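1. Return a 3D structure for these sequence lines:
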Amino acid sequence: MLIRNAVFSISETRRGNGVTFMEIGIFIGLLKNIELLLIVIILYQLNSYLGLKFGKIHPILKGSVIGLIGMFLMTFPYVFQDGLVFDARSILIASVALFFSTPTLLISSTIMIVFRYFMGGVGMVTGIFVITNTTLIGFLWRRYFLNSKAFPFWLNIYFYGLLVHAAMLLTMYTLPVPLAQNVVSILGIPILLLYPVVTMTICILLLIQKKYDESFELINDAQQMYSSLFNNQHTVMMVIDPKDGKIVDANPAAVNFYGWTKDELLEKKISEINTLSSDQIKTEMEKTKKLKKTSFMFKHRKANGKIIEVEIFSGPITIGKRQLLYSIVVDISARVLAEAEMKRNMDLFRTVVENVPVPIFIHQNGRFAFMNPAALTFFGASVDDDLINTPFTRFVPTQDVEEITQNMDRIYIDKAEIPLHQRQFIRMDGKTVFAEVGAIPLNYDGVDSAMVFARDLTMQLEMQEKQMQWEMQIQQKQRLESIGILAGGVAHEINNPINGIMNYAQLIVENEHADSKIENYGKSIIRESNRISDIVRSLLQFSRFEKNAHSYSSVYDIIDNTLSLIKVIFVKDHIELKVSLKENLPDMKCRSQQIQQVFMNLMTNARDALNEKYPGYHENKIIEVDVRQMFHDERRWIYLSVKDYGMGMSDVVKDRIFEPFYSTKPKDKGTGLGLSISFGIVTDHHGTIEIDSIEGEYSVFTVVLPVDNGWHLT
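-> Numbering: from 1, shown residues only. Here you go, the predicted model:
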């Protein structure tokens, strides 16, 4: 209508109907205000009414509504000539392009294009081009120039409106040239003067409306968020007026928690719920503020009269122009009881730990955090400060630091316990001490820690060392006693080969031409010489002092080496020896000389028992040796049995047989240490000695040894 009437007035002036230029300007201005007001009202109400009152509208619906507005504008156009019309659709599309979404813009433009197509006429294509160009220019301007800081916003929009409508005038040249020139000459100046200004005005109004909508939306979101947080939480929340302590608001959780209705709560002051007076509450709050805490701990009274422990987290909040306190109330009754119980337990723990004679200490992050008096003594410290915050690894040998660190990680990270094991430590005075230690994870003062228990083994190990030295001396003495017993037999065994060598050598001299006999004599000489060598070697091996080394040893060698030393004496005593060695016996990890000593002792005791019962020859004067492998407890075991048919033992003797210095032999024939030492050797090898005996009939000593006793080879 604006353009139609403006051009109509211009046309009338050119026809010379007497209308003045001033009258035309006033007429255009009046009509402009009316049409502008229509567009502003429509767009304003669209954005405000649809966007705010009903919430966010889908872009398709928005685009459809704006498209209908465009159709309405195109329904009342200025008709330049039949089929060529002008309206304010370009202003509408230009405004929509800047402040509505792209889908909304495209949908509304498409609707207007379709409508213009059905309107037809000579200007149909031109009209479609105007809609298309305005849409494209608006899209690009919003994307690249709308937020430019080069010009003020109003000037930016004015240039934008000028560009849009200059492009619209250029689009007129899609018409026949004479018609296009006529349109531009008549409508060009009014369009370029009015349309950019109208576009700028509408866009500024839309911007103002947009900012208002955003502010309204933020306020609405904040209100909804407050309502959701306040009313939909299970946590007790209240709003309190700090001036008089009156409860301004309370959520449903507070109603359920205290037992009063909401109206009853809102009539109360916080001092009516708190067991303290108003002055006491203020005093406690001042103390908390000085300590820079954000919470208060009080006792509150419920509607049923029950007193509960609560912790209140409170902070300022502004509602309207009122400064209020937003408070969250947490029931800590269970926590208070738990803390009291924990304190009692900690007091009991400290009482027990500090009085127990076992060293106990706690380390955090590898540093001492607590130790009892026994631990202070163990490390050679006088007071706690000597050790507190000192690195734990300072008190262990350098070679153990890596293993200690790994154990700490297992406790701190994996929450694993460290089983009892022997560990070396270094006291503050540099002295080395030994202890059996174990550790468990725990939380100490809120920090992941490790509690270590230690049992001082220093004196025990020193005593064991002395005992071992004493036993080694006894074992050495026992070996010397055995060598003395066997000396006569060994001498006899050596003399016979020597006599044989001499006799055979004499025969070789006398019969040096008898080849076959010389060969036989030579073989005999070699055999007897080897025999001497074996005897001497076994004797030297048995008499040699053995250190604490252990290795895999052949059971066959242990038996053969021992029998080679004693079998001559057994023959002399008319003792029949029956030996049963099972095939494929495995090598055994042991101290071979000690096991040989045990076997020698059992054989010697069996010989003495037989000689006591049968001084001379007897058919039952027999010693049976049996060696076999057995499987039990998922391990391999060697069973070495020595059985004699001698005097046997009573139950009383069996109960005391392994006691040191206990012996049934005359004092000139034994010390009473043989079986005691043998028992210690077998026990040290993780084995046992089993006894089966009937007095007057027989005795069986069975040594049970593990094939692999868990020692590391040295």
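2. Next, please give the residue ranges for the strands of the stretch 151-300 of the chain.
-> Taking DSSP state E, counting those that start in this stretch, the strands of the stretch 151-300 of the chain run over residues 236-240, 247-250, 295-301.
3. Please apply the same query to the stretch 501-650 of the chain.
-> Listed in chain order, the strands of the stretch 501-650 of the chain (DSSP E, counting those that start in this stretch) span residues 551-553, 576-581, 588-590, 622-632, 635-644.
4. so what does the fourth one touch, helix or strand wise?
-> The one in question is strand 622-632. Applying 3 or more Cβ pairs under 8 Å, 6 or more residues apart in numbering; DSSP states H and E, one finds that strand 622-632 contacts helix 555-572, strand 576-581, helix 592-613, strand 635-644. In short, each C-beta sits where N, CA and C put it, glycine included.
5. Quickly compare these and say which is most buried.
-> Counting by mean count of other Cβ atoms under 10 Å, helix 592-613 has the highest mean neighbour count of the helices and strands packed on strand 622-632, with a mean of 22.
6. can you give me the mean pLDDT across that one?
-> Average pLDDT, helix 592-613: 88.
7. I'd like the numbering to begin with 365 instead of 1 from here.
-> Will do, 365 is the new start, and the previous item becomes helix 956-977.
8. how about low-confidence regions in the stretch 615-764 of the chain?
-> Scanning the stretch 615-764 of the chain with the threshold set as pLDDT under 70 gives 648-658.
9. on that earlier part again, just the strands of the stretch 515-664 of the chain: most buried one?
-> Scoring the strands of the stretch 515-664 of the chain by mean neighbour count under mean count of other Cβ under 10 Å gives strand 600-604 as the most buried, with a mean of 22.
10. re earlier: got the strands of the stretch 515-664 of the chain as CSV, with distance to Ala973 columns?
-> Output for these, formatted as CSV (distance: least, Cβ to Cβ, whole Å):
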stretch, distance to Ala973
strand 600-604, 91
strand 611-614, 99
strand 659-665, 85
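11. Point out the one among those that comes closest to Pro721.
-> Closest to Pro721 of those, according to Cβ to Cβ: strand 659-665, at 40.8 Å.
12. Could you point out the helix or strand that follows that closest one?
-> Elements were assigned by DSSP states H and E; along the chain past strand 659-665, the next helix or strand is strand 671-683.
13. Now do the helix or strand hosting His785: everything it contacts.
-> Element membership for His785, per DSSP H and E: strand 782-790. With Cβ atoms under 8 Å, 6 or more residues apart in numbering as the test, strand 782-790 has contacts from 742-743, 759-761, 764, 771, 774-775, 796-804, 814, 818, 821.
14. Counting neighbours, which of those end up buried?
-> 742-743, 759-760, 771, 774-775, 797-799, 801, 803, 814, 818, 821 (16 or more other Cβ atoms under 10 Å).
15. Look over those and name the one with the lowest pLDDT score.
-> In terms of pLDDT, the weakest of the buried ones among the contacts of strand 782-790 is Leu821, which scores 79.
16. any idea which element the residue nearest to it when sequence neighbours are not counted lies in?
-> Leaving out its chain neighbours, the residue that sits closest to Leu821 by Cβ to Cβ, 6 or more residues apart in numbering is Phe798, at 4.6 Å. Using DSSP H and E, Phe798 sits in strand 796-808.
17. Tell me which other helices or strands that strand touches.
-> strand 724-728, helix 765-776, strand 782-790, strand 811-820, helix 822-874.
18. So for the very next helix or strand once past the first one, what gets flagged as buried?
-> Going back to what we said before, that points to strand 724-728. Downstream of strand 724-728, the first helix or strand assigned by DSSP H and E is strand 731-735. For strand 731-735, the neighbour count (16+ other Cβ under 10 Å) marks 732-735 as buried.
19. contacts for the next helix or strand after strand 731-735?
-> Downstream of strand 731-735, the next assigned helix or strand under DSSP H and E is helix 737-743. Identification of contacts with helix 737-743 by Cβ under 8 Å, 6+ apart yields 718, 720-725, 735, 746-748, 750-751, 759, 789, 791-792, 797, 799, 818, 820.
20. For Cys567, give me its contacts.
-> Applying Cβ under 8 Å, 6+ apart, we find Cys567 in contact with 458-459, 462-463, 521, 524-525.
21. Let me fix that, I meant to ask about Ser1005.
-> Ser1005 makes contacts with 988-991, 1064-1067, as judged by Cβ under 8 Å, 6+ apart.
22. If we use 7 Å, what do you get?
-> 990, 1064, 1066 (Cβ atoms under 7 Å, 6 or more residues apart in numbering).
23. What distance do you get for the spatially closest residue to Ala617 that is not a sequence neighbour to Val674?
-> Sequence neighbours aside, Val600 is the residue nearest to Ala617 in space, at 4.9 Å (criterion: Cβ to Cβ, 6+ apart). The gap separating Val600 from Val674 is 8 Å, by Cβ to Cβ, to the nearest Å.
24. domain assignment for the protein?
-> Domain assignment for the chain by automatic domain parsing gives 366-584, 597-695, 707-818, 821-909, 910-1078.
25. Which of these comes out lowest on mean pLDDT?
-> With a mean of 61, domain 821-909 has the lowest mean pLDDT of these.
26. Leaving out sequence neighbours, find the closest residue to Trp505.
-> Excluding the flanking residues, the one nearest Trp505 by Cβ to Cβ, 6+ apart is Tyr524, at 5.2 Å.
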